Structure formats: structure tokens, C-alpha cells
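>>> this is a predicted model, with the sequence first.
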Amino acid sequence: MKKNNPAITEIYIKTIRKKIDKQDVSIPVLSKVASQVFTITKDINAGMAKIADLVHRDQSLAGHLLKAANSSAVSSRVEIQSIHQAVQLLGARMISQVAMSIIVGKNFFRTNSYKDIVQRLRLLSLISSQYAREISSNMNLNTEQLYLCGLIHNIGKPVIVQLVAQIDERSGGTLNEDQFDLLFDNYHIEIEELIAEKWNLPQMITSVALNYHQYDKIDEFQTEAAVINLADKLARLSISEDDTQRESLTTDPVVAFLGLSENDIIDLFEKREDIKEIANGLMF
């Protein structure tokens, strides 16, 4: 294996900086069906028939959705053989959320390089979205919009992995996790801004996804951004082997900001195995 060194990291920093400045970053184009599925997050009352019809128009999406619907994590009742059956049994909300998970996964988490890092990012995205749904449901917030925020709040990171893989081919280098973290910290938000603009995401989703780390410093959607901040921290804690961090989370400022109690956080954390099972059921 090639050695990593600061000089190699500098090559990546300069190259990615130049690509962002020139907006020379490859961002997947949402299909018409995918765009319409995302629109459902604003109008979940559009009806189950409309959702089924949308999914039917995209064979790849339909196939993935049936696979997810039949996973033990999502449904263990009966074998689901059609999209209409899936919608009837699981409900419009669950189907729209599963469809969003598949769309984001198909567009951003497919790469032949650094698979371990990409899989970890994908798992964190899915767990964050599940926690966002749990928290927002308890607080009577829009669960669909916050579920989507949980999915995409770090979506710039897999794009950075793809950029790194391209640079690898020219530089002959490879990066380790610490070096990736440096690139993520420097650039993922700027890339997410490009994605939000290209995908024409709703203002709330864009604001929350870009500002969840500084939820108390934005003018609008502070509560929603704080939900994603907490969901992200719960997700990271859920896949960490260090349970001692759980106590520190109960005293995190975001907990008080959302008006939650220590018991609320403990209850959320105790759901981690069920949430991870659902997330793993969508990892394909």
C-alpha cells in the first residue's frame, strides 16, 4: 500500500479547491421521477395512488423499493409483490421515505473506491434520517422534510470521495481516514450548496442541511436544524463502540434547546438497534 503524507494531502486540497471555485464538480442530475418523489415531502397528502404511479415510472427505483419493502427491517408481515401492495401495506409516509433513501443512495453512494468510507457515510446518513423522523414525530414537526434533511445533511462527503478517487488516478496517492476528515471539514458544506442549487431543494431543507452544525446562529428553521444536529450526534454515537459518550450527549446544549430531557435522550438511544436494523435494510 502506498504511504500517505502531508504533501499528498496538499495536492488533494488544492485540486478540490480549484474544482469548487470553477464549479467543476460532478453532481448527479435528479430524474423527473426522483424530483417528483422529493416534492411529496411537501405534500404527503397527495395520495397513495400518486406515489405508486410515480415509483412505477422508474423501474430501477421500483425494484429497489420492493426489495426494501420486503426486508425484515421494514416489513415482516407478508411478501410484497407489487408497488401498489407496498403502498397499501406500508403507507404513503413510509414508502416516500424509503423512496427518498433509495434515490439518495443511488445518486451519491455508488463508487468502486474507498468502499468502507462510503459505506460508513451511507449508514450514518440512513441512521440520521431515522433519528430525525423519531425526533420530529415526537415534536409534531414535518417528518418527511426532516427525514430528507437527515439523508442529505452530509451529502457533500461522498462527492468528495469521488473527487479523491479521480485525483488518485493522476497522483498515484491514497488517503487515510484522517486525511478524508480534513477534506470533509474543509469542503463538504460548499459542495452541498452546489447540490442544493442544482437540485432546487426547498428553502427549509437547504437551510437545515447547510446549517445544522450552527443551528442557534441562523435566522429561520432553528428548531429543524437542531433536530438534525441531534440526529447526527445520535447516529454517530449509535455506531461508536464508546458508550461513555452517551452521558455527554444528555448534557449537550442542543438537548436543552429542543426542550428535551435526559430521559428523552436515553429513550432515543435505546432505540438504536431497531434504527440500525432499518438502516441496514436499506443498504444496497
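It's in.

>>> please tell me how far Leu141 sits from Ile127.
19 Å (Cβ to Cβ, to the nearest Å). Every C-beta, even on glycine, is put in place using the N, C-alpha and C of the backbone.

>>> more neighbours, those two?
Neighbour totals were compared for Leu141 and Ile127, and Ile127 leads with 25 against 15 (other Cβ atoms under 10 Å).

>>> pretty sure that one is touching Glu273, no?
No. Using Cβ atoms under 8 Å, Ile127 is not in contact with Glu273; the gap is 11.1 Å.

>>> distance of the most centrally placed residue in the chain relative to Ser261?
Centrality entry for the chain: nearest residue to the mean C-alpha point is Leu151, 2.1 Å, by Cα atoms, centre = their mean. Here the criterion is Cβ to Cβ. By it, Leu151 lies 27 Å from Ser261.

>>> list the contacts of the host helix or strand of the residue nearest to the centre of the chain.
Leu151 belongs to helix 143-152 when assigned by DSSP states H and E. Helix 143-152 is contacted from outside by 38, 40-42, 44, 93, 96-97, 100-101, 104, 125-126, 128-133, 135-137, 192, 195, 201-202, 204-205, 208-209, 212, 224, 227-228, 231-232, using Cβ atoms under 8 Å, 6 or more residues apart in numbering.

>>> quick check, pLDDT for the residue lying closest to Leu30 once chain neighbours are set aside.
In space, Leu30 comes closest to Trp199 once its chain neighbours are excluded; the distance is 5.7 Å by Cβ to Cβ, 6 or more residues apart in numbering. pLDDT, Trp199: 83.

>>> and what of the one 10 residues further on?
Ala209 carries a pLDDT score of 90 in this model.

>>> report how many residues lie close to it.
26.

>>> follow-up on the earlier one: helices or strands up against whichever helix or strand comes after the helix holding Leu151?
Following helix 143-152 in sequence order, the next helix or strand is helix 156-171 (DSSP H and E). When contacts are defined as 3 or more Cβ pairs under 8 Å, 6 or more residues apart in numbering; DSSP states H and E, helix 156-171 sits against helix 6-21, helix 115-138, helix 177-199.

>>> can you give me the buried ones in helix 156-171?
Neighbour-count burial for helix 156-171, with 16 or more other Cβ atoms under 10 Å as criterion, is recorded at 156-165, 167-168.

>>> with stretch 217-237 instead?
Under the neighbour-count criterion of 16+ other Cβ under 10 Å, stretch 217-237 has 218, 221-235, 237 buried.

>>> give me the contacts around that stretch.
For stretch 217-237, with Cβ under 8 Å, 6+ apart as the criterion, the contacting residues are 124, 127-129, 131-132, 135-136, 139, 141, 145-146, 149-150, 153-154, 204, 207-209, 211-216, 245-246, 249, 252, 254-255, 257-258, 260, 268-269, 272.

>>> so how far is stretch 199-208 from its chain's centroid?
For stretch 199-208, the separation from the chain centroid amounts to 14 Å (computed by Cα atoms, centre = their mean, to the nearest Å).

>>> quick one, what contacts the residue nearest to Asn186 when sequence neighbours are not counted?
Counting by Cβ to Cβ, 6+ apart, Ile13 is the residue found nearest to Asn186 once chain neighbours are left out, at 6.9 Å. Ile13 makes contacts with 182-183, 186, as judged by Cβ under 8 Å, 6+ apart.

>>> hang on, the earlier thing: any idea how far the residue nearest to the centre of the chain is from Val208?
As judged by Cβ to Cβ, Leu151 and Val208 stand 12 Å apart.

>>> and Leu258, by the same measure?
Leu258 sits 14 Å away from Val208, going by Cβ to Cβ.

>>> likewise for Glu144?
13 Å.

>>> which of these two has more neighbours?
Val208 (31 against 20).

>>> got the buried residues for the helix or strand containing the more buried one?
Here Val208 sits within helix 203-211, counting by DSSP H and E. For helix 203-211, the neighbour count (16+ other Cβ under 10 Å) marks 204-211 as buried.

>>> quick check, nearest of those to Lys22?
Taking Cβ to Cβ as the measure, Lys22 lies nearest Leu210 of these, at 20.7 Å.
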